[in-house]
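**Q** Sharing a sequence plus its predicted fold:
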Amino acid sequence: MSLLEVNNLSIRYADSAKPVVQNLSFAIEAGQSLGMVGESGAGKTQTAMAVMGLLPANANTSGSIRFDGQEFLGAAPDVLNRYRACRIAMVFQDPTTALNPYVRIGDQLRRILLEHKICKPPEARERTLAMLQRVGLPDAERQYRVFPHELSGGMRQRAMIGAALLGEPDLLVADEPTTALDVTVQAQILSLLRELRSQSNSALLLITHDLGVVAGNCDRILMMDNGRLLEEGTTKEIFAAPSNERTAKLIAAARRIDMPSRTSPLPGGVAPIMEIDNVSVSFRERRVSGKRQLHAVRRLSFKVAPRETIAIVGESGSGKTSLARAILGLIPMRSGTVSFAGKKLPGPVRSRSNKIRRQLQMVFQDPVASLNPAMRVADIVAEPINIHEPKKKKAEREQDVKKILQHVGLGTELRERFPHELSGGQAQRVAIARALVIRPKVLICDEAVAALDGTIQSDILHLLQAEQADSGLSLIFITHDLSVVRQISHRVLVLYMGRVCEIATNEQLFKRPLHPYTKALIQSVPVPDPNAKPDDMPLAGEVSSILNPPAGCPFHPRCEHAVARCSEQVPVLESVAGGSVACFRASELDLSY
Amino acid sequence: MSYLAAIRPLIRKSRDNKTIVVCSSVLLLIAAVALIGPLLSPHHYANTDFENRFMVPSASGWHLFGTDDLGRDLFVRTLLGVKITLFIAIIASCVSLGIGVAYGAIAGYVGGKVDAIMMRAVDALYAMPFIFFVILLMVVFERNFLLIFVAIGAINWLDMARIVRGQTLSLKQREFVDAARLIGVSTPGIILRHITPNLLGVVVVYMTLTIPQAILVESFLSFLGLGVQEPQTSLGALVNGGVSNMEGAPWLLLIPAIVLALILLCFNFLGDGLRDVADPKKKT
Amino acid sequence: MLRYALLRIFGAIPTLLLVIALAFLMVHAAPGGPFDAERVLPPEIEANIARAYNLDESLPQQFIRYLGGLVRGDLGPSYRYRDYSVSELIGNALPVSMQLGALAMLLAIVAGITAGLIAALSKNSYIDRLVTGIAMTGISVPVFVVAPVMVLVFAVYLHWLPASWTGGTSISRLILPVVALALPQIAYIARLTRASMIDVLSSDYVRTARAQGLKTFSIIRYHALKPAMLPLLSYMGPAIAGVLTGSVVVEQIFGIPGVGQFFIRGALNRDYTLVLGIVIFYATLLILLNLVVDLLYGILDPRIRNR
């Protein structure tokens, strides 16, 4: 008998005709790990909730979910409570909302022990402290007493995992446990999970949309699409020979980081279209201790050529979004200049002329939020035309709108829709149409595909590349996702805590990174290849607080190659063979694969 | 252009919501009766008739609600009370709406120090026992009809200002406003085309809650004898009259009381229903 | 936390000053003096009276004088009740009003929270609908309607309770006024508690607690109660203001010799110092209580406390 047996599970909600999960059957044996993969809306979280008995009251279920022989579907709450925490436990996606902000971490964990009478109250505190240490929280005594908002995202997730493992469950259900985290922190958490599982031999149901995560952490895979089972098998089998076209597409989309770059080569010797020179951005933070300067971006310089795609890569705290907004004039720059076609631009966006403004446009991360909910698609796309070409006749304007919508791959019947009636991919296309309709020379994309599913990401990126080939558009692509970088960039800027670590070409960056952070970043990305060994020595520590940056090189506390000099002086960006790097030891280190 | 468009999905969803339909129908019915009723009845609201004082409600003689201590027909007076109460409440609410929305939108959009100062002022005003000031005002300045509007408006705009400011702040940070700035939309353009249409939902919902508040304040003032003056009357004044004659002629108290309660109940339910429709994710 | 507390305390002072100034201005902007209602007096006697009451000084001077008196706790003499100072009058009427108000608040909190919790925990059941319906009625029917109707039913028709302050025992005469005063607040508090508890119970962190196998009682006790009660604490300020306002009506209807009664009488008699004094007294009380509520909130919400 399997540990978990799901048979013909169907979940349907009263107010919609279509079931969210249909006839799903699978099993997990003791000690085994199953990865549940699919894009958003596939029904993965719903299945997990059903297994834990946490579906809302208005969900209609049919089929069977058996855990160690006990039927969970329709079971009374006190029956389920006997199994929860002690035999089956769950780790949720967003540790910010999943932990109670009003209760101390230690108390939240301790409550589990006391509720299930696992041990007596005096012992409960000791056990909790031990678990906090085991999940890698530094200074467990202190973490016991803090509230969740005082911890970083990574630490919160460690606390969540600790809570889940307190009862020593046989099955751990993890719903996108690392999706909300930086990629280097993700590597840490996944490594922690592997280590803890090997010690306790508990089974794992890992839900994710990331095939790389699955490849390194799961014995078997279950592919889901639209509530149905697509295919199931061992990880190696599925990766090697997917029997389903959809699966093949998903794997292909995941493999981008290994693929050769799809960028067309650039003509040399062309004058740059944009120059960013020594730009610094800082914010004033008011704390009890007085006013402090938060340096988001420090003295950044780079050039952009026509038809070029520059990727700016960084994790949280790198300053990449602040940089984008400063370049566009949405927030003030503390120092430095931005030049366009040789001319210096005035700082704030409202001081810039219309002629300049139409050359520089932006596509934002959240497609639906970047569109005015009260305006129809046609109006949204027409607005730039109305401002920059007011003399155009109405008929001409409507033609322009239709043409650009078709150009970005949208049917013209979407003209009358409102943003909330569009899917994520459609909304992003509308945003791109709005940006491109006035034919800018430079387009800044701030995590423009991060909120989209893998296959749609590929499509949008292709669209942008096609536009680039067509009209000579330059792209500044801000992202944390290295597979996106690989697919579309010519050159890459790596940022850490507001400073540039490295500037390199696409080829060079992935073959021989020059900066230790770049190497760690690339290594943290989970490889969608089951034969590759997962990273068991992930980059340690977390990004330091921006209010209290370390002296010297901001990366040195986490760097395995750091020497004394690194904590005293800040390295300056220097040109070396293959690019530029800001590291004292760049010439001595060989970080290639 | 975008204003109507913004409201249309709201209207569609409202039609499906039973509470909204029932409450608005009842309110419209009451308003209709208040307007048409007096035309049907032979009595005038100011006609005293000392022969027929304290008549119990009956169908004969068209005294459907009976008569009061001066022999005046209660039915017609109640309808007048409804008219005046609603009139004052709606106009006063519009006043506080105008002030509140303008204040809140400016504070929210300009932000920074201006916002901080403006909101501190609102906080300060919130802490004041307004009712007492209003009563003071009414007593000191001798029961001016116009003053009633000012007084009620002065109390109610605070809530609206806070809500509008909050909504404006959250809208300002939304990316579509940044996108509009990047395209080159002027500041007035942003306020008109991008911010205001998205404020309408919130404003409509809170209007349905401001109106009952205004009714309560006006009724309270009338009850104390500080509001509408004879021979005109409002529901609050009618209740006041009813209280003094409570033991002998309970209908003088109960009928206006029930009508008042019904109107307030409908508005409150309507407001709740609209809040559900406007943002089903947000719980009341 | 310290910064939060200091900000709040220092913020309260200008508010108080503003209230005092506003009230003072309004009173002195009134057309006609306090003694106009009485017989017309010969000019010399009028001048003497004006001098005795300092009415011949300029407005700013009178204000400063008034402020000085305030600091000493002297609210000036009553224009009407010549033998008493305003402070004395308030002092005499205060115990009754305090008793009424405090009992009403207590009843409102206990009944409101209980009703709200019951409704939240049995969401959408008949009990819930009943409680919600009654609560809706409670906030829709104003105090000055409820009070007389209650008197009609319980005193006039059923003869269970006395109709006014002068009848019945010291306990039985309290029941109707306290209940009438508390009713709208019970309704508001019940609705707020219900909404807040439902909100908390559907939050992600309560879902986590369920996933951890905690039974409902434990979830409420260790995870849900505190976050659910916080919005209620914020409401306490407006609640107290509501009770103060309502007390004016209730005292009027039941003939209770409290501060509210004096306020109405003072307003109708143009006894401006009395009215001014009461407004300032109530305002100070409100501002102080709001301050206490704010500070308590800062202590209880960990996100503010530990900043």
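**A** Right, received. Where do you want to start? Residues are numbered from 1 along each chain as shown, chains lettered A, B, ... in the order given.

**Q** show me the contacts for whatever residue of the stretch 51-200 of chain A ends up closest to chain C.
**A** Closest residue of the stretch 51-200 of chain A to chain C, C-beta to the nearest C-beta: residue A:84 (3.2 Å). Bear in mind the C-beta positions are built from the backbone N, C-alpha and C, glycine included. Applying C-beta atoms under 8 Å, 6 or more residues apart in numbering or on different chains to residue A:84 gives the contacts A:52-53, C:210-213.

**Q** so of those, which ones are in helices?
**A** Within the contacts of residue A:84, membership in helices is found for A:52, C:210-211, as judged by DSSP state H.

**Q** Let's have those in JSON lines, adding distance to residue C:189.
**A** Output for these, formatted as JSON lines (distance: C-beta to C-beta, whole Å):
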{"residue": "A:52", "distance to residue C:189": "35"}
{"residue": "C:210", "distance to residue C:189": "27"}
{"residue": "C:211", "distance to residue C:189": "31"}
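
**Q** Who wins on neighbours among those residues?
**A** For those, neighbours were counted using other C-beta atoms under 10 Å in any protein chain shown, and residue C:211 has the most, 25 neighbours in all.

**Q** Was I right to think that one contacts residue A:49?
**A** No: using C-beta atoms under 8 Å, residue C:211 is not in contact with residue A:49, being 9.2 Å away.

**Q** in what helix or strand does the closest residue to residue A:579 other than its chain neighbours lie?
**A** Distances taken as C-beta to C-beta, 6 or more residues apart in numbering or on different chains place residue A:504 nearest to residue A:579, at 3.6 Å, with adjacent residues excluded. Assessed by DSSP states H and E, residue A:504 sits inside strand A:499-505.

**Q** Could you report the pLDDT at residue 248?
**A** All of this refers to chain A. On the pLDDT scale, residue A:248 is placed at 86.

**Q** hmm, I had chain B in mind actually
**A** The model's pLDDT for residue B:248 equals 77.

**Q** can you count the residues close to it?
**A** For residue B:248, the count of nearby residues is 10 (other C-beta under 10 Å).

**Q** tell me the contacts of it?
**A** When contacts are counted by C-beta under 8 Å, 6+ apart, residue B:248 touches residue B:54.

**Q** Please apply the same query to the one 5 residues further on.
**A** Residues in contact with residue B:253, defined by C-beta under 8 Å, 6+ apart, are B:239, B:242-243, B:245-246, C:148-149, C:152.

**Q** how about those residues, which pair is most distant?
**A** Farthest apart among the contacts of residue B:253 by C-beta to C-beta are B:245 and C:149. That separation is 13.7 Å.

**Q** Settle it for me: which of these two has more neighbours?
**A** Using other C-beta under 10 Å as the criterion, residue B:245 and residue C:149 rank with residue C:149 on top: 22 against 15.

**Q** any idea which element that one lies in?
**A** Going by DSSP H and E, residue C:149 is in helix C:143-150.

**Q** Now that helix: average pLDDT?
**A** The average of the pLDDT scores along helix C:143-150 is 85.

**Q** now do stretch A:307-314
**A** Stretch A:307-314 comes out at a mean pLDDT of 92.

**Q** Please enumerate the helices of the stretch 1-150 of chain B.
**A** Per DSSP state H, counting those that start in this stretch, the stretch 1-150 of chain B carries helices over the ranges B:2-16, B:18-40, B:74-110, B:112-126, B:130-140, B:145-172.

**Q** I'd like the next helix or strand past the helix or strand bottoming out on mean pLDDT in chain C.
**A** Each helix and strand of chain C was given a mean pLDDT (mean pLDDT, DSSP states H and E); the minimum falls on helix C:43-52 at a mean of 70. Remark: after helix C:43-52, the chain's next helix or strand is helix C:59-71, criterion DSSP H and E.

**Q** what about the helix or strand just after that next one, distance to the chain center?
**A** Sequence-wise, the next helix or strand downstream of helix C:59-71 (DSSP H and E) is helix C:86-121. Distance, stretch centre to chain centre, for helix C:86-121: 9 Å (C-alpha atoms, centre = their mean, to the nearest Å).

**Q** Are whatever helix or strand comes next after helix C:86-121 and chain B in contact anywhere?
**A** Remark: after helix C:86-121, the chain's next helix or strand is helix C:126-140, criterion DSSP H and E. Yes: for helix C:126-140, a contact with chain B is found by C-beta under 8 Å from any C-beta of the partner chain, at C:136-137, C:139-140.

**Q** filter those residues down to the ones close to chain A.
**A** Among these, no residue sits close to chain A (C-beta under 8 Å from any C-beta).

**Q** what's around the residue nearest to residue A:67 when sequence neighbours are not counted, how many residues?
**A** Spatially, and ignoring its direct neighbours in sequence, residue A:67 is nearest to residue A:4 (5.5 Å; C-beta to C-beta, 6+ apart). Residues near residue A:4, counting by other C-beta under 10 Å, number 23.

**Q** picking up where we left off before, same for the helix or strand just after the helix holding residue C:149, what does it pack against?
**A** Downstream of helix C:143-150, the next assigned helix or strand under DSSP H and E is helix C:172-201. In terms of contacts (3 or more C-beta pairs under 8 Å, 6 or more residues apart in numbering or on different chains; DSSP states H and E), helix C:172-201 is packed against helix C:86-121, helix C:126-140, helix C:143-150, helix C:225-254.

**Q** Tell me where the model's unsure across the stretch 1-150 of chain B.
**A** Counting by pLDDT under 70, the stretch 1-150 of chain B shows low-confidence ranges at B:1-9, B:59-62, B:127-128, B:139-143.

**Q** what's near enough to touch whichever residue of the stretch 451-593 of chain A sits closest to chain B?
**A** For the stretch 451-593 of chain A and chain B, the shortest gap (C-beta to the nearest C-beta) falls at residue A:451, measuring 11.6 Å. The contact partners of residue A:451, taken as C-beta under 8 Å, 6+ apart, are A:365-367, A:424.

**Q** Could you give the bridge partners of the residue of the stretch 51-200 of chain A closest to chain C?
**A** Here residue A:84 shows beta-bridge partners residue A:88, assigned using DSSP bridges.

**Q** What separation do you get for it and residue C:211?
**A** 6 Å (C-beta to C-beta, to the nearest Å).

**Q** Overlap of the contact sets of these two?
**A** residue A:52.

**Q** so where's the chain shaky on pLDDT?
**A** No chain specified, so I'll use chain A. A:286-290, A:593.

**Q** Chain C is the one I meant
**A** Within chain C, the segments meeting pLDDT under 70 span C:1, C:29-41, C:46, C:49-58, C:79-82, C:305-307.

**Q** what helices or strands is the helix or strand that contains residue A:321 leaning on?
**A** Using DSSP H and E, residue A:321 sits in helix A:320-328. If you count contacts as 3+ C-beta pairs under 8 Å, 6+ apart, helix A:320-328 packs onto strand A:274-287, strand A:290-304, strand A:309-313, strand A:360-363, strand A:442-446, strand A:474-479.
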